[in-house]
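Asker: Structure here, sequence nowhere to be found:
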């Protein structure tokens, strides 16, 4: 396939890199049968991506009924699907119950009661783990921190024991364990050590109260290298899993679950755009491309930066790099990919690549300004 001739913008996915990443995850966990890795579907739910992940044997972490259905359709076994989220609707819960998922990660007492009622009507037992908000700062962007007491997610620690006692009373509920998730794009791995120590203390308290915990879900959040994607295409999974291997003190038989998303798919995806115009402003030079925040919203929403390349200029003689503001066509001032981006002299028609766009790129695309969603293409 000649990717240069395709209509832009589009996503290109390197499935060979995705498989190497999945192989590394499996290598790092193969000696720990109690480790169970679930892919966080919200990062990228492209069917071909999901099918590749399903073929590797991973489970799925879902945050909507639609994601539960997408995971099952891709071939992920229902017993490997978990369903999290602070606002599960009745229809979503019923979808998950009928799918036969492994576990609901419950975030409030009202949600527990509702799942119990719906499970009773369906004539099934729902397994639930309680998500705890440990008030741990993940040292990441404020919009993707989820483990602080000010965030909407999870139960306060003091509410956990009454919630477990109530779950044990309900005939259509089975207590399955604990769930944590403290944030996304975490690069300071020491916060996971803090999380492990917190979990150890909590497990001791539960044991003292006579409560056995069958499983612990530590969430995900492992970051990727957006600055040097070519040099570091695969995240440090060995260091990540070793922290939990060495720092957690789990009861005998307790299963440990992970929910990795960005770290699995982030580096395998690239957004490809075409230069529409090069505009000379009063004080700045703009490269205006045909992709915008409708295709990749992370720079506008989070102030993030994606490694940017002029693919066409690579075929021309080497030239001095110049600073450009790389912007899109959306009628919003926030539609900016980067400012003062150093690129070779750029011309109308040049292809521009935004790397590390496999996570929260296509999945968050929109039709704002009546723009079509970007297509996706794959290489093996």
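Answerer: Perfect, I can see it now. Just so we're clear, the structure is a prediction, and the values are computed from it rather than from any experiment. Residues are numbered from 1 along each chain as shown.
Asker: where do the strands sit along the stretch 1-150 of the chain?
Answerer: 10-14, 35-40, 59-62, 81-83, 103-106, 126-131 (DSSP state E, counting those that start in this stretch).
Asker: In JSON lines, list these along with mean pLDDT, distance to residue 365 and mean neighbour count.
Answerer: (C-beta placed from N, C-alpha, C; glycine too.) Output for the strands of the stretch 1-150 of the chain, formatted as JSON lines (pLDDT from 0 to 100; distance: least, Cβ to Cβ, whole Å; neighbours: other Cβ atoms under 10 Å):
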{"stretch": "strand 10-14", "mean pLDDT": "98", "distance to residue 365": "9", "mean neighbour count": "21"}
{"stretch": "strand 35-40", "mean pLDDT": "98", "distance to residue 365": "18", "mean neighbour count": "24"}
{"stretch": "strand 59-62", "mean pLDDT": "98", "distance to residue 365": "19", "mean neighbour count": "28"}
{"stretch": "strand 81-83", "mean pLDDT": "98", "distance to residue 365": "24", "mean neighbour count": "26"}
{"stretch": "strand 103-106", "mean pLDDT": "97", "distance to residue 365": "26", "mean neighbour count": "28"}
{"stretch": "strand 126-131", "mean pLDDT": "97", "distance to residue 365": "28", "mean neighbour count": "25"}
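Asker: Can you lay out the ones you listed as a markdown table showing distance to residue 362?
Answerer: A markdown table is the format used below for the strands of the stretch 1-150 of the chain (distance: least, Cβ to Cβ, whole Å):
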| stretch | distance to residue 362 |
| --- | --- |
| strand 10-14 | 5 |
| strand 35-40 | 15 |
| strand 59-62 | 17 |
| strand 81-83 | 21 |
| strand 103-106 | 25 |
| strand 126-131 | 27 |
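Asker: what about those strands, which gets the closest to residue 256?
Answerer: Across those, residue 256 has its closest neighbour in strand 35-40 (5.4 Å, Cβ to Cβ).
Asker: shouldn't residue 105 be in contact with residue 86?
Answerer: No: between residue 105 and residue 86 there is no contact under Cβ atoms under 8 Å: 9.8 Å.
Asker: For whatever helix or strand residue 257 lives in, enumerate the helices and strands it packs against.
Answerer: Counting by DSSP states H and E, the element that carries residue 257 is strand 255-260. Using 3 or more Cβ pairs under 8 Å, 6 or more residues apart in numbering; DSSP states H and E as the contact test, the elements touching strand 255-260 are strand 35-40, strand 215-217, helix 237-247.
Asker: re earlier: out of the strands of the stretch 1-150 of the chain, which gets nearest to residue 304?
Answerer: Closest to residue 304 of those is strand 10-14 (Cβ to Cβ; 16.8 Å).
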